[in-house]
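Novice: The following comprises the amino acid sequence and a computationally predicted model.
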Amino acid sequence: MNLPINVEKYLRNKSAGTWKLEPNNFTGITAAIVIPVIAESKNILMLLNSLNRNNPSYLKRTAIIFIVNNTSSSQDEVKIDNLASLLFIRNAIDNNEYPQLNLCLIDASSRGNELPERDGGVGLARKIGMDLALTIFDYSSNEKKILICLDADCNVSTNYIETIISGFNKRNLKAASIHFEHNVEQAENPEAITCYEIFLRYYVLGLKYARSPFAFHTIGSSMACDFESYINIGGMNKKKAAEDFYFLEKLGKVVTVESIDSAVVYPSSRGSWRVPFGTGQRVNRFIARTHDEYSLYSPESFFVLKEWLVFFNSTNDASSIILSEAKKIHSSLYSFLIEQKFEQQWDSILSNAKTEGQLSIQKKLWFDGFKTLKLIHYLRDNAHPNINMFDACDKLFELLKIGRKIERDESIPPLVVQKNYLEFLRKINYN
């Protein structure tokens, strides 16, 4: 198949390496689900059964790519488990055990195929799969070519693939965060996963209140983009953790990251050793009782962020004027901007931006999702400390004029009430 020029150029300059896709002779593929696998042999069958319940006409045009991966220094039990995954997936492919599914395998695990020690991890595994997906898309099709990220320990709703493909094509999406729900009822520690998901949803809701362009979830198992956007940002990064945050944040600088709310990814609710933060480590931390998990950023911090964004996005003034106005919004905002060397960088941006459009883009590039998070942390540490989780939710609901009051008597209510908060947060439309 002849690849588009931009795809060929990307693969020539940015390709992850020499790993192979087996098989690679599909036709009519317009979507690829990329799934890193490390010590997940017990979960693959459940995921395949979940995917297999999706609409067959959409499955027909979708490749499902497993990247079984480890480094040469990985523990023996990981390598043994990965060998079981390789055998299982190859057997499923060879015997056509899932005739509705276009199954693909990338062996980044067996001797000679391992990931390099320096970069070996989830970011590189996703990148390998996404890069190789570019080689099997049907570029003659008028449909969007979509790269979808999932994890091996997830389940998905029966409308998952149809909703994503339809959403990208009908709404002309460039990138999307897909609705997710941890399975609280089946979790080993439902309190931990409820608490963590409230934290995730509260932060994005705070960004939504502040009208941040980065008000979207950054969950590795529930993100997708079209192939042009993927190429335009240089592909997936090789980070061993937080690869999802940096990937979507980079996309968010150049395209709008929308929400797909009617399809659902059900991520694992387990503790995990795989990455140093994220769901697994937050569950571990909750169990260890090393932090006050029932606290959230103060809504006052999001109010400061909102005031800053409204002002910053409406001005083209010199840095001295902007800093003066920032001090009026909040002294800690002013201190943060000084610490971030705003004056020098803004003056450089002003001198180099030729048009209003260029300046608008540069504002988004400078005050990006990472700097947004850094400001919230700075305000937490210097002005508005964290407050009780449920007080924070109540106040944010009030600021957003949502008009929902959940009755509770305790500062940390029973789990059933905590679930009420979570269910309400899940139903809020982030678009």
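Specialist: Yes, it's here.
Novice: Just confirm N159 contacts L51, I think it does.
Specialist: No - between N159 and L51 there is no contact, the gap being 12.0 Å when judged by CB atoms under 8 Å. No exception for glycine: its C-beta is placed from N, CA and C like everyone else's.
Novice: who has more neighbours, the two?
Specialist: The neighbour count for N159 versus L51, taken as other CB atoms under 10 Å, is higher for L51 (24 against 16).
Novice: I'd say that one and N102 touch.
Specialist: No - contact criterion CB under 8 Å: L51 and N102 do not qualify, at 10.5 Å.
Novice: Could you list which residues are in contact with L86?
Specialist: Shown in contact with L86 (CB atoms under 8 Å, 6 or more residues apart in numbering): 68, 105, 107, 109-110.
Novice: Inside strands: which ones of those residues?
Specialist: Among those, the members found in strands (DSSP state E) are 68, 105, 107.
Novice: Any chance of CSV for those residues, columns distance to L305?
Specialist: Output for those, formatted as CSV (distance: CB to CB, whole Å):
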residue, distance to L305
V68, 42
L105, 44
D107, 45
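Novice: Quick one: the strands in the stretch 301-431 of the chain, in order.
Specialist: For the stretch 301-431 of the chain, the strands defined by DSSP state E, counting those that start in this stretch occupy 387-388.
Novice: For it, give me the ranges with low pLDDT.
Specialist: The stretch 301-431 of the chain contains residues with pLDDT under 70 at 430-431.
Novice: returning to that earlier point: can you pick the most crowded of the contacts of L86?
Specialist: Neighbour counts for those (other CB under 10 Å) peak at V68, which has 31 neighbours.
Novice: What number of neighbouring residues does the residue nearest to S320 when sequence neighbours are not counted come out with?
Specialist: The spatial neighbour of S320 that comes closest, neighbours along the chain excluded (CB to CB, 6 or more residues apart in numbering), is E343 at 7.4 Å. Using other CB under 10 Å, E343 is surrounded by 15 other residues.
Novice: Work out for me the element E197 sits within.
Specialist: Assigned by DSSP states H and E, E197 belongs to helix 190-209.
Novice: Please apply the same query to L147.
Specialist: Secondary structure from DSSP H and E places L147 in strand 146-149.
Novice: If you average the pLDDT over that strand, what comes out?
Specialist: The pLDDT scores in strand 146-149 average 98.
Novice: outside of that strand, which residues touch it?
Specialist: Outside strand 146-149, the residues that touch it by CB under 8 Å, 6+ apart are 30-34, 126, 130, 133, 164-165, 168, 220-227, 230, 244.
Novice: Filter those residues down to the buried ones and express that as a PyMOL selection.
Specialist: Those of the contacts of strand 146-149 that count as buried under 16 or more other CB atoms under 10 Å are selected in PyMOL with:
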select buried, resi 30+31+32+33+34+126+130+133+164+165+168+220+221+222+223+224+225+226+227+230+244
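Novice: Which residue ranges of the stretch 151-300 of the chain form helices?
Specialist: 160-170, 190-209, 227-232, 243-254, 279-288, 299-312 (DSSP state H, counting those that start in this stretch).
Novice: for those helices, which one sits closest to S319?
Specialist: S319 lies closest, by CB to CB, to one member of the helices of the stretch 151-300 of the chain: helix 299-312, at 11.4 Å.
Novice: Helix 190-209 and the closest one, what's the angle between them?
Specialist: Counting by axes from the mean of the first three to the mean of the last three CA atoms, to 10 degrees, helix 299-312 lies at 30 degrees to helix 190-209.
Novice: just checking, what packs against helix 299-312?
Specialist: If you count contacts as 3 or more CB pairs under 8 Å, 6 or more residues apart in numbering; DSSP states H and E, helix 299-312 packs onto helix 190-209, helix 319-329, helix 331-339, helix 369-382, helix 389-399.
Novice: do you know how far the residue nearest to H217 when sequence neighbours are not counted is from I33?
Specialist: In space, H217 comes closest to S177 once its chain neighbours are excluded; the distance is 4.6 Å by CB to CB, 6+ apart. Applying CB to CB, to the nearest Å, the value for S177 to I33 is 16 Å.
Novice: need the contact list for L200.
Specialist: Residues in contact with L200 (CB under 8 Å, 6+ apart) are 217, 219.
Novice: rewinding a little: could you spell out the sheet neighbours of the strand holding L147, each with its direction?
Specialist: Strand 146-149 sits in its sheet next to strand 31-37 (parallel), strand 223-226 (antiparallel), going by DSSP bridges.
Novice: As a markdown table, those strands with distance to V254 and mean pLDDT would be great.
Specialist: Compiled in a markdown table, those are given as follows (distance: least, CB to CB, whole Å; pLDDT from 0 to 100):
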| stretch | distance to V254 | mean pLDDT |
| --- | --- | --- |
| strand 31-37 | 21 | 98 |
| strand 223-226 | 11 | 98 |
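Novice: what's the closest of these to I93?
Specialist: Of all those, strand 31-37 sits nearest to I93, with 14.1 Å by CB to CB.
Novice: now what about the closest one, what contacts it?
Specialist: Contact with strand 31-37 is made by 44, 47, 51, 58, 61-69, 82, 85, 122, 125-126, 129-130, 133, 136-137, 145-152, 161, 164-165, as judged by CB under 8 Å, 6+ apart.
Novice: give me that answer again for 7 Å
Specialist: Strand 31-37 is contacted from outside by 44, 61-69, 85, 122, 125-126, 129-130, 133, 146-152, 161, 165, using CB atoms under 7 Å, 6 or more residues apart in numbering.
Novice: gap between it and the chain center?
Specialist: 14 Å (CA atoms, centre = their mean, to the nearest Å).
Novice: by how many degrees do it and helix 160-170 diverge?
Specialist: Calculated by the same axes, to 10 degrees, strand 31-37 forms an angle of 130 degrees with helix 160-170.
Novice: Tell me the helix or strand right after strand 31-37.
Specialist: Next along from strand 31-37, by DSSP H and E: helix 44-52.
Novice: Give me the buried positions along that next one.
Specialist: So for helix 44-52, counting by 16+ other CB under 10 Å, buried means 44, 47-48, 50-52.
Novice: will you turn the residues you listed into TSV that also has distance to M389?
Specialist: Shown next, in TSV, are those (distance: CB to CB, whole Å):
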residue	distance to M389
I44	35
L47	32
L48	37
S50	31
L51	35
N52	38
